[in-house]
Structure formats: C-alpha cells, structure tokens
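Undergrad: no sequence for this one, just the structure:
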C-alpha cells in the first residue's frame, strides 16, 4: 500500500497540468519532494515535514483547481443569458426570413395577375380600335352618301356619271321601279327640254332624295355619336393598358426587391445561427473546463489521501477536504558526521531511484 501511495503522489506531483497556476511549486521542488517520499513513511519529524510539503503542494493545486471549477461554473452560468438572447435573435431572424419568402410568393402572384390584366387590356384596346375603325368607316360612308344626295338635289345639271350614283341612291332608298326606270331619261334632258312626265319624274326624284337625305342625316348623326363614343372608349382602353403596364413594371420591381430582401434575411438568419452556435460552444467549453477542474480535484484528493496514509500507515483515513497534516516541532539533535554523510548518500541514491520511477510512471 505504501509504494502504491508513493507512486500515486509522485505521479500527481510530476503532472505539469495540475501545477500550471501562478505561485505553484516549480517542477524542481516537486521533483525533490517526490524523490524523498519513499523515505517519508514514518513518524520522524523530518518525514512528517516532507509529507507536509507534499500535502502543501497538493493543497495549493487543489485550491487552484477549485477556483478554476468555480470560475468555469460561473462563466457557464453567465453564458446561458447570451444563449437565450442568441436563440431569440435566431427566432426573429427565421421569422423575418419566412416573411420575406412569403412576400416573394405574394409579389410573384401579384405580378402574374398584373400580366394577365395587361394582356386583357391589350386585347380590349385592340377590339376597341377595330370597332372604332368600323364605326368611323360607317360614319364616313353615311356622310358621303348624304353629301352626294345633297349635291344631287342642288345641282341643276347632273353629269352622266352622277346618273349611276343617283340610281344607286334610289335603290338604297327603296324607290319605286317605275321611278328608277324614268329617272335616267329625265336627267338626260335639260330643264327646257323636259315634258310634263319628265317634270313629274324629277319632282318625285327630289322628294325621294329629300326623304332619303333626311334619313341619312339622322344616320350620320347617330354614326357620328357612336364613332365618337367608340373613339373615347378606344382612348380609354389605350390609357388603361398603359396604366396596367406601369403597374406590371411596379410589380416586377417589387418582386425584385422582395427577392433581394430574401437574400438579406437569409444572411441574417445564417449569422444568427452562427452566433447561437458560438454562444453554445462557449457554454460547452466552460462546462468542459469545469469538468476538467473537478477531475483534477478528485485526482488531487486521491493524492492527498495517499499522503495521509503515508503519514498514518496503520489507520486508513477518509479524506473529505484537504487539510495539512500536523507537523510536530522539530528537535535538532547532534549526529555523528560520518553517520550523517552515510544517510545523505542513501537519500540521494533513493531520490535518483524515485525520479527514475516517476519518469517511467509519467
């Protein structure tokens, strides 16, 4: 048991990681104590003093380990707050990112709807222009016929080509066939050459033309109104199409901005995730340091118990806390010089042997 305890204490004293704190016993001092430990299992004051030195080194190391454990625990506790904050920030970033993606979907849908409106407005504009052209053509045709009738009514002499036009007008006016048959002959004569029948024919012709002219005047007015309305409607369709195109451009710009916002929000979400991971890593590191410090405490407590057993080889002491063993007052007695040199040589030889064991154990 004594050699096992000696090896335990020597291994702990030779562990540089346990004595890296400020004010720790240097390696040379710990090696000196370790070399003397195989000869310290006894009740002599020198032996107790050597055990006290070992216990003192272990005690200071335990205090440092305990301080590291407490500091790491406090830092771990303090790291929980930033973790909570980082988690909340990540939740907000994810919500903002989701909102940005939803906005893209809405903007894309709005753009598609606006494209359909532009297409419909374009079709409406084309149909309105076509109908406008038809009504304008009809208006112009009625106006032309009306002007021809008025000219025929006012003319004293009609050219030969006008006779065919007059006949076309009579057919359009649904004149009597007998009148249509008599008109060419009557129009071929001058006023002085016409007989009574010819004058009756011309009079009936003028009545038909006057009636038809009045009808054409009404049609012309109606056609003018319809064409005017259709022109206004066509202009309105054109303006509406332009407005819908402007709205389409605005919807496209809004979609582009929404897509850019998604990229920004995604970057913020990634940054928030990284921040949370860093905070969690800090917390884990502090907990790991605390565990290492507590492991060091257990190791040092085991070494301290070994020192206790070396100082009290008969009784097995359960150590619950590091308390330095009592060291009796040293009484100096005169010794023979030759005996002293012999003991010194024996201790030096034992120290060399222990140091070799310590190195092998390390």
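TA: Perfect, I can see it now. Just so it is clear, the structure is predicted and the values come from calculations on it, not from any experiment. Numbering: from 1, shown residues only.
Undergrad: okay, which residue is most central for the chain?
TA: Of all residues in the chain, the one closest to the mean position by CA atoms, centre = their mean is residue 266, 2.0 Å from it.
Undergrad: Surely that residue and residue 97 touch.
TA: Yes - look at residue 266 against residue 97 with CB atoms under 8 Å: they come within range, at 5.7 Å. Backbone N, C-alpha and C define where each C-beta goes, glycine included.
Undergrad: so what are the domain limits for this protein?
TA: Per the record, the chain has its domains at 2-90+283-361, 107-274, by automatic domain parsing.
Undergrad: Mind telling me what element the residue nearest to the centre of the chain is part of?
TA: helix 196-311 (DSSP states H and E).
Undergrad: so how far is that helix off the chain centroid?
TA: Counting by CA atoms, centre = their mean, to the nearest Å, helix 196-311 is centred 17 Å from the centre of its parent chain.
Undergrad: Now do it, average pLDDT.
TA: Helix 196-311 shows a mean pLDDT of 91.
Undergrad: Can you name every helix or strand that that helix contacts?
TA: Contacts defined by 3 or more CB pairs under 8 Å, 6 or more residues apart in numbering; DSSP states H and E place helix 196-311 against helix 2-13, helix 45-154, helix 160-172, helix 177-188.
Undergrad: before we move on, the earlier item: export the domains of the chain as CSV, with columns for distance to residue 101.
TA: Shown next, in CSV, are these (distance: least, CB to CB, whole Å):
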stretch, distance to residue 101
domain 2-90+283-361, 16
domain 107-274, 6
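Undergrad: Residue 238: which of the helices and strands packed on helix 196-311 is closest?
TA: Distance to residue 238, taken as CB to CB, is lowest for helix 45-154 among the helices and strands packed on helix 196-311, at 5.3 Å.
Undergrad: Could you tell me the per-residue confidence at residue 160?
TA: Value for residue 160, per-residue pLDDT: 59.
Undergrad: again, but for residue 339
TA: For residue 339, the model assigns a pLDDT of 42.
Undergrad: can you offset everything so residue one is 701?
TA: From this message on, residue numbering opens at 701, which makes the last subject residue 1039.
Undergrad: isn't residue 849 right up against residue 913?
TA: Yes - when contacts are counted by CB under 8 Å, residue 849 is listed as touching residue 913 (4.4 Å).
Undergrad: Looking at the two, which is more packed in?
TA: residue 849 (25 against 22; other CB atoms under 10 Å).
Undergrad: measure the more buried one to residue 751 for me?
TA: Using CB to CB, to the nearest Å, residue 849 is found at 143 Å from residue 751.
Undergrad: same thing with residue 707?
TA: 15 Å.
Undergrad: for residue 846, same thing?
TA: 138 Å.
Undergrad: Name the residue in those two with the higher neighbour count.
TA: Between residue 846 and residue 751, residue 751 has the larger neighbour count (other CB under 10 Å), namely 25 against 20.
Undergrad: residues near residue 942, how many?
TA: 13.
Undergrad: likewise residue 801?
TA: Neighbour number of residue 801 under other CB under 10 Å is 16.
Undergrad: show me the residues around it that make contact.
TA: residue 962 (CB atoms under 8 Å, 6 or more residues apart in numbering).
Undergrad: pLDDT score for it?
TA: Reported pLDDT for residue 801: 94.
Undergrad: Next: residue 831.
TA: Looking at residue 831, its pLDDT stands at 90.
Undergrad: Kind regards, and thank you for your time.
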